[in-house]
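Colleague: Quick one, structure for this:
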Amino acid sequence: MAQPLAIYASIPSTDPSGPEWLVTPPNIAPVTVANPFPTWPNLDWRVGNITPSSGFGEVPDYLWSVPVADVTDGNLKQFTRRLTAGALGSAFTATSIPTGVYRLDFAIAADDQYDITVLTGLPLLPIILSEQPNPVFNFAVPGSLPWRNVKYFSYGTLIGLTIALGNVIDIQVTARNVPQAAGTPPDLNPAMFTWVLQLNSIV
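Modeller: Model (predicted):
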């Protein structure tokens, strides 16, 4: 199995050198969920000896807008992590990648409903890719026991995704925690999203 160049994941920004999450409305800077469910899926891709050949890799957290994720209002939340293209041959970091042609392989899960979109282009004028899996927020998927459902999909499978100097990759997750029935204790309805991205070279 070919090893990825780098692995990026849903981790919060804990210091100035950490990942860049956009905070301009409607974007929210996510934090780690403090009360996860034991049945939520684990997307740690270190299992199976999948290791980025660049040596840069992240292990995903369960993220949401508040650490005690008992959000029951049912409102949409939007979280966008940005990677910026640096010079050819530069190192992979938490905020930047070298310029190049890549395939982006995702795994994602959320409690409860979610959509993921990848945007690229100039920082102030991103372009929506034609390979976007859902052009609008999908309220129907996943359905029953959604926190156990994991989606897998790729961008740039055939010809790759060309990232030039100064371009960005914005990984945008739109999620919604479905409210429980009236009278259900809030701590029984935690919310989260989690994803892992393999950045692979296109030869």
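
Colleague: What distance do you get for the closest residue in space to Gly156 that isn't next to it in sequence to Ile202?
Modeller: In this structure, Gly156 finds its nearest non-sequential neighbour in Arg103, 4.6 Å apart by Cβ to Cβ, 6 or more residues apart in numbering. Using the backbone N, CA and C atoms, a C-beta is placed for each residue, glycine as well. Distance, Arg103 to Ile202, by Cβ to Cβ, to the nearest Å: 6 Å.

Colleague: So which of those two has more stuff around it?
Modeller: Arg103 (19 against 14; other Cβ atoms under 10 Å).

Colleague: How is that one classified with respect to secondary structure?
Modeller: Classification of Arg103 using DSSP: H, G, I helix; E, B strand; the rest coil returns strand.

Colleague: so what sits against both of Arg103 and Ile202?
Modeller: The contact sets of Arg103 and Ile202 overlap at 156, 160 (Cβ atoms under 8 Å, 6 or more residues apart in numbering).

Colleague: Which helix or strand lies directly C-terminal to the helix or strand of the chain with the lowest mean pLDDT?
Modeller: Every helix and strand in the chain was compared by mean pLDDT, DSSP states H and E; the lowest is strand 125-128, with a mean of 38. Using DSSP states H and E, the helix or strand that directly follows strand 125-128 along the chain is strand 151-155.

Colleague: That next one pairs with which strands, and in what direction?
Modeller: Take DSSP bridges as the rule and strand 151-155 pairs in its sheet with strand 100-111 (antiparallel).

Colleague: Name the residues of the strand it pairs with that come out as buried.
Modeller: For strand 100-111, a neighbour-count test (16 or more other Cβ atoms under 10 Å) marks 100, 102-111 as buried.

Colleague: Of these, which is the nearest to Phe153?
Modeller: Of all the buried residues of strand 100-111, Phe153 sits closest to Phe106, with 5.7 Å by Cβ to Cβ.

Colleague: any idea of the pLDDT on that closest one?
Modeller: pLDDT recorded at Phe106 is 84.

Colleague: check contacts around Pro67.
Modeller: If you count contacts by Cβ under 8 Å, 6+ apart, then Pro67 has 31-34 around it.

Colleague: For it, report the pLDDT, please.
Modeller: For Pro67, the model assigns a pLDDT of 88.

Colleague: For the closest residue to Gly18 other than its chain neighbours, grab phi and psi.
Modeller: Once flanking residues are discounted, Gly18 sits nearest to Ala94: 5.7 Å by Cβ to Cβ, 6+ apart. With angles defined as degrees, to the nearest 10, Ala94 sits at phi -70, psi -20.

Colleague: Ala94 and Pro12, how far apart?
Modeller: Taking Cβ to Cβ, one finds Ala94 at 11 Å from Pro12.
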